[in-house]
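# sequence? don't have it. structure:
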C-alpha cells in the first residue's frame with residue numbers, strides 16, 4: 001500500500017495536469033516524488049524560539065495613547 005502523501009501527490013498531479021501545462025505538472029510531480037526532495041526550507045537569521053516579548057512585558061510597556069488617537073478620525 002502506498003503512503004498517504006504519495007496518493008495525495010498523485011491526485012494533485014492529475015488535477016494540475018488537467019488545469020495547467022501537463023509537462024510542467026509532470027516535472028513538478030517527479031521532483032516532489034524524488035527521495036532527494038526535502039521540500040521548502042527556511043534559513044532564518046534569528047532564533048524563532050526566543051521570547052522577544054518578555055522584556056516588554058516585564059517593563060509593563062504600554063502603547064502610546066497619542067499614537068492610538070492619531071489613527072482615529
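Perfect, I can see it now. Given the structure is predicted, the values throughout are model-derived calculations rather than measurements. Numbering: from 1, shown residues only.
# any idea how far residue 46 lies from residue 52?
9 Å (CB to CB, to the nearest Å). From N, CA and C alone the C-beta is placed, and that goes for glycine too.
# gap between residue 39 and residue 5?
Applying CB to CB to residue 39 and residue 5 gives a distance of 11 Å.
# of these two, give the one with the bigger neighbour count.
residue 5 (10 against 5; other CB atoms under 10 Å).
# let me know the helix or strand that the more buried one is in.
helix 4-19 (DSSP states H and E).
# packing partners of that helix?
Here helix 4-19 is seen to pack against helix 22-33 when contacts are counted using 3 or more CB pairs under 8 Å, 6 or more residues apart in numbering; DSSP states H and E.
# now do the buried residues in the helix it packs on.
25, 28, 29 (16 or more other CB atoms under 10 Å).
# so can I have CSV of those residues showing pLDDT?
Below are the buried residues of helix 22-33 laid out as CSV (pLDDT from 0 to 100):
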residue, pLDDT
25, 95
28, 90
29, 91
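# closest to residue 59 out of these?
residue 28 (49.2 Å; CB to CB).
# which stretches of this protein have low pLDDT?
Along the chain, the model assigns pLDDT under 70 to residues 1-2, 67-73.
# could you redo the last one with a cut-off of 90?
1-9, 31-44, 46, 48, 52-73 (pLDDT under 90).
# which residues sit against stretch 28-42?
Stretch 28-42 is contacted from outside by 6, 9, 10, 12, 13, 16, using CB atoms under 8 Å, 6 or more residues apart in numbering.
# repeat the analysis, applying 7 Å as the threshold.
9, 13 (CB atoms under 7 Å, 6 or more residues apart in numbering).
# got the end-to-end distance for that stretch?
20 Å (CA to CA, to the nearest Å).
# that one: how far from the chain's middle?
Distance of stretch 28-42 from its chain centroid, counting by CA atoms, centre = their mean, to the nearest Å, is 15 Å.
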